[in-house]
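J.: Structure, please.
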Amino acid sequence: MRIDVGDLQFDFISSTLVKVSWTGTLAKVVWVFINGIFYQGPVTFSGTSRYVDVPFEGVTNIEIHEVDGTETPTSIEELNEDKPWLYWGPVSTADKYRIYYRLAGETVDERLANIKHETSKTYYNKQVGRNLDRESGVFYWFRIEAVKSNQKKSTTERFPQFLRGLPTKPESIAFTQVGNKFVLTIET
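T.: Residues are numbered from 1 along each chain as shown. The predicted model follows:
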């Protein structure tokens, strides 16, 4: 199914994955946020034809920012929960993923979860399973390691997330056809 919204086209690859495509601006890079959380970026393109594949399960907001290569945008989504969602793509050689976090300024990571690698998954998501302190707004650093059975790790890079929470989970999501257009209805 394809849905056109202004200059954006949404092609549903599966019930949980959507391809978002559009005509962009030369020399700009793309950053993607899902539900107010960084998902992907910076992504560069050689021409003006652009697309990103994003998970659709549990998504209430997809933001696509085109900016100069030196700029790092932030989400415009106001967040309202203390348990953010983390999204990442699979690493084909991984046997499992380990998720860690720490408060900015701290030196020790705390493990949040171990997730088993599944070859059928096109993306992974995990909600942080504990309330994170967000008084006055704080930065947390998250790290997702792809780990092989011999315990070799893929990365030690961390990515920052300014924690303000997430929108409430939708009660229902529906598409209806009205003439030659589709209407997306999200009820929270």
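J.: Tell me if I'm right that Thr23 and Gln9 touch.
T.: No: using CB atoms under 8 Å, Thr23 is not in contact with Gln9; the gap is 9.9 Å. Where C-beta positions appear, they are placed from N, C-alpha and C, glycine not excepted.
J.: quick one: which of these two has more around it?
T.: Just comparing Thr23 and Gln9: by other CB atoms under 10 Å the higher neighbour count belongs to Gln9, 16 against 11.
J.: Neighbouring strands of the helix or strand hosting that one in the sheet, and parallel or not?
T.: For Gln9, the host element (DSSP states H and E) is strand 8-12. Paired neighbours of strand 8-12 in the sheet (DSSP bridges): strand 2-5 (antiparallel), strand 17-23 (antiparallel).
J.: buried residues in that strand?
T.: By neighbour count with 16 or more other CB atoms under 10 Å, strand 8-12 contains the buried residues 9-10.
J.: Check stretch 32-49 too.
T.: In stretch 32-49, the ones that count as buried by 16+ other CB under 10 Å are 32-42, 45.
J.: export the longest strand belonging to the chain as PDB, just CAs?
T.: As assigned by DSSP state E, the longest strand anywhere in the chain is strand 138-147. The C-alpha trace of strand 138-147 is given here as PDB (Å, rounded to 0.1, in the frame of the first residue of the first chain):
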ATOM      1  CA  VAL A 138      18.900  15.200  31.700                       C
ATOM      2  CA  PHE A 139      21.000  13.500  29.100                       C
ATOM      3  CA  TYR A 140      21.400   9.800  29.200                       C
ATOM      4  CA  TRP A 141      23.900   7.900  27.100                       C
ATOM      5  CA  PHE A 142      22.800   4.600  25.600                       C
ATOM      6  CA  ARG A 143      25.000   1.900  24.000                       C
ATOM      7  CA  ILE A 144      23.800  -1.100  22.100                       C
ATOM      8  CA  GLU A 145      26.500  -3.800  21.500                       C
ATOM      9  CA  ALA A 146      26.200  -6.500  18.900                       C
ATOM     10  CA  VAL A 147      27.900  -9.500  20.500                       C
END
